[in-house]
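In: Would you be able to build a 3D model of this:
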Amino acid sequence: MNKLFIATVTAVALSGCATVSTDKKQRINVLTNSGQSLEATLDGRVFQVPGTVEVNRDGEEKVINTLTDGCAESTAVNKEITTAFWGNIIIGGLGGSTTDGITGKMWDYDDQVTIQCVTAE
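Out: Okay, here's the model as predicted:
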């Protein structure tokens, strides 16, 4: 009985709160400041702007690239540590937070990104 309890507590602590409670993918809404439509790439995938793109929540730096004249060639997607990760530090300690860090699920990317384009006046 004691071994089962210890095994269960260890498994929960090592599972990582953000790893369990956070989706593997995240959708990002992308638009331009001018309302202009264009084609962009992110993580090697082509998508239309305005629109949404789905990314892996892996902790990697994300950059949206465009080849449209008058618009930024690259736009960084900001990321921040997810709230679930902080809860895991408090509850799960080092084991769970390490799992969150390794899986990349400790990160949330911006929900919306705006590509800067020159607007006609």
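In: which secondary element of the protein has the worst mean pLDDT?
Out: Confidence across the helices and strands of the chain bottoms out at helix 17-21, with a mean of 47, counting by mean pLDDT, DSSP states H and E.
In: Show me where the protein dips below the pLDDT cut-off.
Out: Across the chain, the ranges flagged by pLDDT under 70 are 1-22, 86-104, 120-121.
In: quick one: the strands in it?
Out: Assigned strands in the chain, in chain order: 25-32, 38-42, 45-49, 51-56, 62-66, 74-77, 79-81, 107-109, 112-115 (criterion: DSSP state E).
In: now those in JSON lines, with mean neighbour count?
Out: No exception for glycine: its C-beta is placed from N, CA and C like everyone else's. Below are the strands of the chain laid out as JSON lines (neighbours: other C-beta atoms under 10 Å):
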{"stretch": "strand 25-32", "mean neighbour count": "17"}
{"stretch": "strand 38-42", "mean neighbour count": "17"}
{"stretch": "strand 45-49", "mean neighbour count": "14"}
{"stretch": "strand 51-56", "mean neighbour count": "16"}
{"stretch": "strand 62-66", "mean neighbour count": "18"}
{"stretch": "strand 74-77", "mean neighbour count": "15"}
{"stretch": "strand 79-81", "mean neighbour count": "15"}
{"stretch": "strand 107-109", "mean neighbour count": "20"}
{"stretch": "strand 112-115", "mean neighbour count": "17"}
